[in-house]
Every structure is written in structure tokens, then in C-alpha cells.
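Q: generate a structure from the sequence data that follows.
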Amino acid sequence: MTDTTSPTPITVYIDADACPVKDETYKVAARYGLKTFVVSNSYMNVPRTEMIERVVVEEGPDVADDWIAERAGRSDIVITADVPLAGRCFKAGATVLSPKGKAFDEGAMGMALATRNLMDDLRSAGEITGGPKPFSARDRSDFLSALDLAVTKLRRDGFGG
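A: So this is what the prediction gives:
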């Protein structure tokens, strides 16, 4: 008797409100045939294909994050720069990537949370901390490589098609 069950599909979730790599994600997802959810608090244009679904959630703190975190699991990839969301999705077993291509793994999560908390404390104390470095072509390239690697690893682990 042969196994006729198909593998659990790989799904991509984009925390889209400030994501600079949506177009790159669409291209990689199309190449692999991955369902992609573009989650935001406001309407945004997405390619017209059944594989990309726009999800507009209510206004409010963490509403988009909650939507993603409630659905992300072991066969999924989450694209976000939001450290608390990354932590929630990582704990659920999802592969989590920053828009700069950094994978949130066990070690990176602890460091990212500590850095975030330190920066919050400095800002609260009135320290001027500046913003993040501008997004570069190298960041975009690093993201594309990381996303391709993440899909390949999930497929090797038995997910996807």
C-alpha cells in the first residue's frame, strides 16, 4: 500500500506594513508555488494570483501580529522585523526571517529581545539612539538567499510539494 497523503504545504506570512521585501517574497513564493498571506492594518496592492492573499486586519496594537502568530507553525515561514512576533512564531516552530535575511533562531531570539529591550530603555530615558541603517541592495540579496534556503530546508524536512 502506498502513502497517498500529500505533505503539509509551506505557507509564507508577511508582516507587511513596513516590509521592504514583499516583491522579492512574491517572486520566491511563485517559483516554489507557495501560498502567501500579506497581513497588514491597511489596504495594499498585491499581485493578482490565487497564491497570494491580502489580509487586512482591524486597527490596533498587535492585531496583525496576533493574526500571524495564531496561524504560523512548523511548515511555515514568517517574514517580520518585529522581534516579539518573531519570538511567538519561532516558539510555534515556524521559520522566521527578518527582511535583511537574518534567521531568528534560538540564539538570535535572545539577543534580539535583549537589544530591543535595551533600546526601549534608552529611548524611555531620553537617549537619542538613532534609527536602523538604511536598507541596502546587500540586505535584499541576503534576504533572497535566506528565503530560498528556508524553503529548501523545509522541503528537505518533508513539507511542501
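Q: run a quick neighbour tally on D157.
A: 13 (other Cβ atoms under 10 Å). To be clear about C-beta, it is placed using only N, CA and C from the backbone, and glycine gets the same treatment.
Q: now do the contacts for it.
A: Shown in contact with D157 (Cβ atoms under 8 Å, 6 or more residues apart in numbering): no residues.
Q: one more: E70?
A: Per Cβ under 8 Å, 6+ apart, neighbours of E70: none.
Q: report the buried residues of stretch 89-106.
A: 89-90, 92, 94-104 (16 or more other Cβ atoms under 10 Å).
Q: measure it end to end?
A: Its start and end residues considered, stretch 89-106 measures 12 Å (Cα to Cα, to the nearest Å).
Q: avg pLDDT for it?
A: Here stretch 89-106 scores 92 as its mean pLDDT.
Q: again, but for stretch 16-24
A: What stretch 16-24 shows for mean pLDDT is 94.
Q: state the distance from the residue lying closest to V28 once chain neighbours are set aside to D15.
A: Nearest non-adjacent residue to V28, counting by Cβ to Cβ, 6 or more residues apart in numbering: L147, 5.0 Å away. Distance check for L147 against D15: by Cβ to Cβ, to the nearest Å, it reads 14 Å.
Q: now the helices: where do they sit in the chain?
A: 22-32, 63-69, 83-91, 106-124, 137-156 (DSSP state H).
Q: and the ones you listed: which comes nearest S42?
A: helix 63-69 (9.9 Å; Cβ to Cβ).
Q: hmm, who's touching that closest one?
A: With Cβ under 8 Å, 6+ apart, helix 63-69 has contacts from 13, 15-17, 37, 39-41, 55, 57, 78, 80, 82, 84-85, 88-89, 92.
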